[in-house]
Each structure stands twice: as structure tokens, then as C-alpha cells.
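Asks: one predicted model, sequence on top.
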Amino acid sequence: MCSKESEKIIIYNREKIDLKSEIKRLKLSEQDDAVNLCDLTNIIKKFEIWEKHFPQIKPYYAIKCNDESPVLKIMSSLGAGFDCASKNEIEKVLKIGVHPNRIIYANPMKSKSFIKHAKSKNVTDSTVDNEFEIYKMFKHYPTSNVILRFRSDAKKVLSPLGNKFGCDANENAAALILLTKSLNMNMIGLSFHVGSGCLELEAYERAISTGSSLYKFGKFIDHNLKVLDIGGGFPGDDDVMFANIAEIVNKALAKYFAGIDVDVIAEPGRFFVHTAYTNVSKVYAKREIRADDGKHEKTMYYVNDGVFGTFSCTLYEDLLIEAIHFKDEKSELFDSFIWGPTCDGCDKILESVRLPNLEEGDLLAFPNMGAYTVPIMNDFNGFDRPKTIFYLRSDYIHCIY
Ligand SMILES: Cc1ncc(COP(=O)(O)O)c(C=O)c1O
């Protein structure tokens, strides 16, 4: 499938994609390459959930999470803004017709040339978190709108960010707010990110409380603040947890920003795309491991996608991977390993998973593969990157036009 074809959207009429019949129709067991099936309907439903719980909080989708163009287009049609971290991410979003005022340049560290590029494209809003970057912005883009990112970490996360970004709220933030004032820069707000895949819900309340003190200080010294950016970290596969986070966030905003004029925005990534992708990989080789007494102990399966492909996120995140087989439900199950195709020993998708006896050509499906997978994959060892096939339920067609 060439890349243009891969961006075609297949419209379907059922409640959801019928995985088995798609596998048959696409003849996946005869193909050399694994594929990802992306149901854009899922992203639209996530957007509806977002709007239900956060009617006042505009999401700026973090495109680093999944930058495939149909995903960006659907997010744009739904009215999202975009969190970009580089020149190329900005270009990608502008290319699909997004106005620059819907972009936040949310990488606090930027090269001089990237700042100049943002300026040339009228991307005005960006985050900073230390004095060097403030001076750099002042020198190369003094008319930009700066948002100060402070550190406020969740105690438990899949992927921490505070060790890399965010000024210390107690030690440095006030000085940096004063610095932007003394340079006469337009500081418009504050931001934080509790960490991606946040598992400590109260982290948001702590951060909002800190944010309100800094916001009040900024206002006090006559900065024209109007934005609080609550970052990302929202779970992709647990809508109950998301609802609980939303309740905590909304209560904290009501408490700490009562009577304060503020536009609250967020930079969710994983939340929107995690469940939209299902990976389908093929077993192309196997090996049986026997115990000393010769009894079959476990089976190792080698499939045509791995940690240098769709499963890249498992290298640095403790992500729960689920493998679905297509054998009879009543088949006997055996201890199994699933390896990716490269010659690297770390290319392991799952160990200690219970599977029936699979043969060459059998397929496995892995749901929830939409976040931090596609943009990170590479063709290490000469294995092609899996393509994505996009789907949309017919009653949601209006969302893309
Ligand atoms: C600045 C920034 N914003 C937003 C995100 C998206 O976070 P998440 O996918 O957890 O919502 C990230 C993730 O790394 C980030 O670095």
C-alpha cells in the first residue's frame, strides 16, 4: 500500500469494526507486513468525552503522541488546538490548514532557528522555563507570548517529564516572572505537565494550587495573564479514571481560580489516540522450549512487528499489552513469549502470556496501540514500518468535512 492509499478512510456501517472480517478482507495472514487499524470514530468519541467533562477547557492535541495526518485532520475538524514541539511539527499542522493561533509551541527549549521559524509563521504562543530561554526568546522573538512552565510532578506516572522541564515553582518561578516583566515581554500564562500517563490523580490539584499562586503574583506585577495550561497526562484507556481526574481538576479550578479571569487549556495526547489503534501482527516463526525432562515448557513466537515498530513505547513505558488470538476459545493455552522480528534481544513484545498453539501465518491483535507508537517507530534491521489503515463509522462522516 503506498502512503497516499494508506491515508484513505474506509467508511463502515456497523457498531464497530469487525476485526475478524477485516483481517480476512485485507488478507493479512498472507502479507509480510504487520498493520495498524485506526478507527477515527474512537477519537471523535474521546473528543465527546473530553467536552462532556471539560466543556470550558480547550484541548491542544500534543502531536508528538501520534502525528498521522488523518488523526491531525480529525482533531482539527473537531476544533482542537495543537501542541507542537518542533519546526516540523508546526509545519505538519500548518499544512493541514490550521491557523497559527491554534498552535502552542510547547517545547520550553528551542533552537534559535526554530524560534525564527515560529516567528515567520506567526506562531505566537510558546512555553519557556528558564532565564536562558527567556533571553533567547527576547532576542529572537520579543513580540511572542510566553507561558512559564513550572514543575509539578505526579508521584506515579508512566513517563515522567519533570526531571527535564519546568522551573521550580518555589525557587525560580517568581524571579522568571519578574524577568519577563523587566524585559517588557508579553507573558500570557502558566503551564505544567504532571507527567504522561498520570496515575496519581491528586497531582492535578497540587499543580493547580501552585499555578494559582504564581498566576496571582504575575497579575500583581501587572502581567496581562489569561492562560492556565494544565498539560497532559490523562489516561487513554480508562474513562472512569479520566472522569475522576476531571472532577478533581474542575473542583481545584473552582477553588483556586475563583473570581479570576482565566482561559484554561490543556495539552492531551494519549487520551485521544491510545484506544483508536489496533495492531495486527503475524506469527512467521516459532520455537518450542522444552524442560530437562523433555516436556514442552513454553513456545516462543516471532511476529512481524516489535519494539522498533509499533511497540516502541514499551521500551520506556510500563504499558500493559494485551494479545488477542483468533483460535477457538476453548483451545488449550500454553505459556508463550512474543518476540519482534529484529535480531535485537530487547525486541520482545510479551513474555509469560497464555496462548493456544499458534502456527506460521496465524495472526495476533494488540488493542490500544495508538499513543507514542507510530511517530517513534523506525526500520531498524531492514524491517518495514507497519502501515495504518483508517476507518470511520458512517454516522460520523460529518465530523471530517
Ligand atoms: C509538553 C507536553 N505536552 C503534552 C504532552 C502529552 O502528554 P500526554 O500524552 O500524557 O497527554 C507531552 C508528552 O510528552 C508533553 O511533553
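Replies: Nice, thanks for sending it over.
Asks: CA only for contacts and neighbour counts going forward, please
Replies: Will do.
Asks: up against the ligand, what does the stretch 251-400 of the chain have?
Replies: Residues of the stretch 251-400 of the chain found near the ligand (C-alpha under 6 Å from any ligand atom) are 267-271.
Asks: typo on my end, the stretch 101-250 of the chain
Replies: Within the stretch 101-250 of the chain, the residues that sit near the ligand (C-alpha under 6 Å from any ligand atom) are 106-107, 196-197, 231-234.
Asks: centre of the chain to stretch 277-285, how far?
Replies: Mean-position distance between stretch 277-285 and its chain equals 22 Å (C-alpha atoms, centre = their mean, to the nearest Å).
Asks: if I pick Lys20, what's in contact with it?
Replies: Phe326 (C-alpha atoms under 8 Å, 6 or more residues apart in numbering).
Asks: ok, now Asp335?
Replies: Taking C-alpha under 8 Å, 6+ apart as the test, what Asp335 contacts is 297-299, 352-355.
Asks: ok, of these, which come out buried?
Replies: 298-299, 353, 355 (16 or more other C-alpha atoms under 10 Å).
Asks: for these, which one is nearest the ligand?
Replies: Of all the buried ones among the contacts of Asp335, the ligand sits closest to Val353, with 27.0 Å by C-alpha to the nearest ligand atom.
Asks: could you look up the SS state of the closest one?
Replies: Using DSSP: H, G, I helix; E, B strand; the rest coil, the structure places Val353 in strand.
Asks: name the element the nearest residue to it once chain neighbours are set aside belongs to?
Replies: Nearest residue to Val353, sequence neighbours excluded (C-alpha to C-alpha, 6 or more residues apart in numbering): Ser336, at 5.2 Å. Using DSSP states H and E, Ser336 sits within strand 334-339.
Asks: and that strand, how far out from the chain middle?
Replies: The answer for strand 334-339 is 28 Å, by C-alpha atoms, centre = their mean.
Asks: same deal with stretch 111-125?
Replies: Taking C-alpha atoms, centre = their mean, one finds the center of stretch 111-125 at 23 Å from the center of the full chain.
Asks: run through who's touching the strand or helix carrying Ile104.
Replies: Assigned by DSSP H and E, Ile104 falls within strand 103-105. Strand 103-105 is touched from outside by 60, 81-86, 90, 123-127, with contacts defined as C-alpha under 8 Å, 6+ apart.
Asks: listing partners with orientation, what would you give for it?
Replies: strand 81-84 (parallel), strand 125-128 (parallel) (DSSP bridges).
Asks: how about the next helix-or-strand element following that strand: buried residues?
Replies: Where DSSP H and E defines the elements, the next helix or strand beyond strand 103-105 is helix 112-120. Neighbour-count burial for helix 112-120, counted by 16+ other C-alpha under 10 Å, picks out 114-119.
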